[in-house]
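Asks: model the following, please.
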Amino acid sequence: MAGSRLIRPAHRKNRLKFTTLRREPFTACWHIPPPPLPDTSHWDVMQIQDLPYSDPGVPDTRSGPRFLWWLWRNQLGGQLKSLTWGLLHFVSVSALPFCVGLAVQAVADRSGTRLALTGGLMLLCGTGVALGDTFLHRAAVTNWITAAARVQQLLARKASQLGSALTRRVAAGEVVAVSTGDVEKIGWFVEAISRFTAAALTVVVVGVGLLVYQPALGVVVAIGLPIVAVSVLPLLPRATRRADVQREKAGRATELASDTVAGLRVLRGIGGEELFLDRYRRASQEVRHAAVHSARMWSLISAIQVLLPGLLLIAVVWHGIHLARQGRITVGELVTVYSAVMVLNYPLRHFEEIAMAYSFSRPSAKRAARVLSLERPTATDGTRAAEVPTGDLYDPETKLLAPAGRLTAVVCGDPDAAGRLAERLGGHPAEPGRSVLLGGVALDELPLDSARTAVLVQDKDPVLLSGTLRQLLDVPASAAVPAEEALAAAQCADVLDALVQGSVDAADPMDARITERGRSLSGGQRQRLALARSLVTDPEVLVLDEPTSAVDSHTEARIADGLQRLRSGRTTVVFTSSPLLLDRADRVALVHEGEVVTVGVHRDLVDSEPRYRAVVTRETDEELAATDEEVLLDTFQELEEIEESA
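Replies: Numbers count the residues shown, from 1 in each chain. The predicted model follows:
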């Protein structure tokens with residue numbers, strides 16, 4: 001069939017890749033924005049060579065269908081272009097049966113003139129078929145790629161805004177599904193709309209044309225075409241539900257696979273590979289069963305789309321033969337109507353495709369809208385002019401004070417609370433509350449870029465992007481700390497050796513490649529490279545959350561010395577319970593139940609503060625109670641001695 005390659009022209013080809021941008025830790029909350037006004041700047045015909053978009057726009061994320069409608073509306077120029085070429089193609093294909101009927105009748109009437117005119121008309125229709133097919137395919141692929149690219153840009157921008165908070169609010173497997181397979185399905189439906197519209201208009205035009213050309217047979221076609229077109233509608237809800245179940249199970253399997261790969265090193269350490277393999281095998285079988293269950297319904301829909309047009313064709317031929325035998329129609333008219341009904345099977349197939357595309361893209365659009373609806377609780381533009389303040393760092397929520405130019409250590413018995421406090425110190429936190437002050441300036445009132453320039457937060461699980469070590473350390477920095485000094489302070493000598501040994505053609509460690517998330521390195525090596533990257537940045541305030549939790553004590557002692565030396569005169573806050581780091585801090589603050597309860601130096605706090613000692617020395621509740629009891633007994637004995645001497 002001419003133009004048959006238009007069925008899902010880009011569903012299997014021209015796949016785009018999506019890269020999640022990772023920045024400092026952010027957290028997000030759900031937010032339903034008001035309906036956005038249409039942006040007519042995106043209504044121009046977008047070409048592939050013009051990608052990426054300078055501004056992908058503000059999507060309507062209130063629901064999946066609204067998001068699909070927003071995409072189509074912002075692609076109006078390309079959709080109209082595809083519709084135009086589609087009409088040319090489908091109308092030209094559908095006009096061929098009329099030409100054939102005229103040619104047959106011209107031969108029967110022995111009219112050479114009409115036969116020649118019919119031949120010219122067929123040549124014109126053939127040219128229309130060729131041009132329409134070629135440019136429709138080009139326009140459809142362009143619409144698919146540009147729609148997918150717009151969604152990918154929106155996802156990349158959202159990932160950049162939210163940072164690590166994206167995977168806190170949405171499962172990692174769902175993010176992967178949205179950024180890969182879902183983008184394809186969304187683009188498929190958006191580009192299929194114009195082709196379906198062209199096919200539907202063609203069916204209407206041909207039906208009306210047959211009524212005018214041969215009313216006796218045209219009535220049969222006019223009655224049968226709507227039945228054929230809407231015959232599958234009762235089956236679509238069930239098919240959609242089955243497709244949703246398949247997508248849900250596939251998403252869970254993807255999440256399980258992502259979690260397994262991310263924790264493969266730990267699984268091997270505890271011998272849990274077989275356990276997770278069995279779990280993934282069961283999840284995979286569930287996906288297979290759901291896919292087969294869904295495919296059965298779609299095969300039934302396809303069968304109906306073949307059966308009913310065939311029955312309509314049989315009815316037209318049977319009725320037409322009776323009319324021809326009665327002399328009410330000519331042979332040419334019968335051939336014309338028969339050929340027209342047969343050719344109509346081609347545009348009618350687009351009814352099935354648009355139904356399938358929508359059922360597959362609707363849950364994908366719902367997931368994409370869910371991700372894109374995440375917003376930060378604070379305005380990223382801020383309410384103050386951009387500046388990089390200096391001075392003491394103060395958190396009014398916990399009463400934590402980090403004096404300017406000093407190394408402050410924070411001890412907190414709850415790791416999650418410590419992580420939230422570290423995030424709040426960077427400004428623009430996820431949870432609403434009073435803003436942290438830097439030099440008396442509220443960080444939440446500054447633009448996000450200014451706040452991040454002033455305060456850099458390195459969380460417990462920093463991410464190493466793939467690339468060379470030189471690219472890893474190529475971050476916005478003050479240029480006051482060379483990369484070599486930062487690597488030396490973070491004790492990365494053995495890490496450099498490991499990178500060189502793992503690289504085939506990299507004699508210089510700076511040119512050695514780091515695999516995705518640094519999976520070829522140990523946890524301590526990744527931690528030290530992340531610390532070196534933070535030291536190279538040399539921000540006004542550096543906040544480190546457990547920067548040495550995965551290194552041995554000897555290396556930790558050297559890192560503590562290097563950190564103290566390299567950050568001399570700069571404000572540094574370290575969340576840790578390591579005595580080696582605490583002993584080198586200028587001041588130590590103990591946070592208990594959300595507030596700073598005591599401040600001092602490590603040695604004094606170990607002797608005088610039981611709660612501090614319990615966190616740092618890992619004393620149990622029983623040991624702590626016994627210690628308190630001993631302290632009370634000693635106090636009573638001292639009081640008794642004082643009374644006796646008096």
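Asks: if I read this right, residue 405 contacts residue 587, doesn't it?
Replies: No - with contacts counted by CB atoms under 8 Å, residue 405 stays clear of residue 587, the gap being 11.8 Å. Where you see a C-beta, it was placed from the backbone N, CA and C, and this is true even at glycine.
Asks: who's in contact with the helix or strand harbouring residue 580?
Replies: Applying DSSP states H and E as the criterion places residue 580 in helix 579-582. The contact list for helix 579-582, computed with CB atoms under 8 Å, 6 or more residues apart in numbering, reads 409, 411, 548, 553, 556-557, 560, 563, 574, 576, 588, 602, 616-617.
Asks: run the chain-centre distance for it.
Replies: Here the centre of helix 579-582 is set off from its chain's centre by 40 Å, with CA atoms, centre = their mean, to the nearest Å.
Asks: repeat for stretch 436-443
Replies: 33 Å.
Asks: please apply the same query to stretch 495-514.
Replies: 31 Å.
Asks: over to stretch 222-240?
Replies: Stretch 222-240 sits 34 Å away from the centroid of its parent chain (CA atoms, centre = their mean).
Asks: same question, stretch 303-311
Replies: Offset of stretch 303-311 from its chain centre (CA atoms, centre = their mean): 40 Å.
Asks: what residues does that stretch touch?
Replies: 224, 227-228, 231-232, 235, 341, 344-345, 348-349, 351-352.
Asks: and the average pLDDT for it is what?
Replies: Stretch 303-311 shows a mean pLDDT of 85.
Asks: where does pLDDT dip in the chain?
Replies: For the chain, the stretches with pLDDT under 70 are 1-47, 164, 167, 171-173, 258-273, 378-379, 619-646.
Asks: rewinding a little: and the contacts of helix 579-582, which of them are buried?
Replies: The neighbour-count test (16 or more other CB atoms under 10 Å) marks 409, 411, 548, 556-557, 560, 563, 574, 576, 588, 602, 616 as buried among the contacts of helix 579-582.
Asks: residue 418 contacts residue 591, correct?
Replies: Yes - when contacts are counted by CB under 8 Å, residue 418 is listed as touching residue 591 (7.5 Å).
Asks: and for those two, which residues touch both?
Replies: In contact with both residue 418 and residue 591: 410, 412, using CB under 8 Å, 6+ apart.
Asks: more neighbours: which of those two?
Replies: Neighbour count, other CB atoms under 10 Å: between residue 418 and residue 591, residue 591 has more, with 23 against 20.
Asks: look up how far residue 423 lies from the more buried one.
Replies: According to CB to CB, to the nearest Å, residue 591 stands 14 Å off from residue 423.
Asks: likewise residue 356?
Replies: To residue 423, residue 356 is 44 Å away according to CB to CB.
Asks: scan this structure for its longest helix.
Replies: The helix that spans the most residues within the chain, counting by DSSP state H, is helix 273-325.
Asks: and the angle for the helix or strand following that helix with helix 273-325?
Replies: Following helix 273-325 in sequence order, the next helix or strand is helix 331-343 (DSSP H and E). Going by axes from the mean of the first three to the mean of the last three CA atoms, to 10 degrees, helix 331-343 is angled at 170 degrees with respect to helix 273-325.
Asks: ends of stretch 397-410, what's the gap?
Replies: Counting by CA to CA, to the nearest Å, you get 15 Å between the two ends of stretch 397-410.
Asks: quick one on the thing from earlier: with only the CA atoms kept, save the helix holding residue 580 in CSV.
Replies: Extracted C-alpha coordinates of helix 579-582, given in CSV (Å, rounded to 0.1, in the frame of the first residue of the first chain):
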residue,chain,number,x,y,z
PRO,A,579,36.5,12.4,66.7
LEU,A,580,39.4,13.0,64.2
LEU,A,581,37.4,15.8,62.5
LEU,A,582,35.9,17.1,65.7
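Asks: could you chop this structure up by domain?
Replies: According to automatic domain parsing, the chain comprises the domains 42-375, 393-608.
Asks: relative to residue 216, how far out is residue 440?
Replies: If you go by CB to CB, the gap between residue 440 and residue 216 works out to 90 Å.
Asks: so these two - more neighbours on which side?
Replies: For the pair residue 440 and residue 216, the greater number of neighbours falls to residue 216 (16 against 9), based on other CB under 10 Å.
Asks: nearest residue to the more buried one in space, please, no chain neighbours.
Replies: Setting aside the residues directly before and after it, residue 216 is nearest to residue 323 in space (CB to CB, 6 or more residues apart in numbering), at 5.6 Å.
Asks: how much space between that neighbour and residue 97?
Replies: Taking CB to CB, one finds residue 323 at 17 Å from residue 97.
Asks: so for the two, which sits in the more crowded spot?
Replies: Per other CB under 10 Å, whichever of residue 323 and residue 97 has more neighbours is residue 97, with 22 against 17.
Asks: secondary structure element for that one, which one?
Replies: Mapping residue 97 onto the secondary structure by DSSP H and E places it in helix 76-108.
Asks: can you give me the offset of that helix from its chain's centre?
Replies: With CA atoms, centre = their mean as the basis, helix 76-108 stands 41 Å off its chain's centre.
Asks: I'd like the next helix or strand past that helix.
Replies: Using DSSP H and E, the helix or strand that follows helix 76-108 in sequence is helix 112-162.
Asks: who are the packing partners of that following helix?
Replies: helix 64-73, helix 76-108, helix 165-169, helix 183-213, helix 345-372 (3 or more CB pairs under 8 Å, 6 or more residues apart in numbering; DSSP states H and E).
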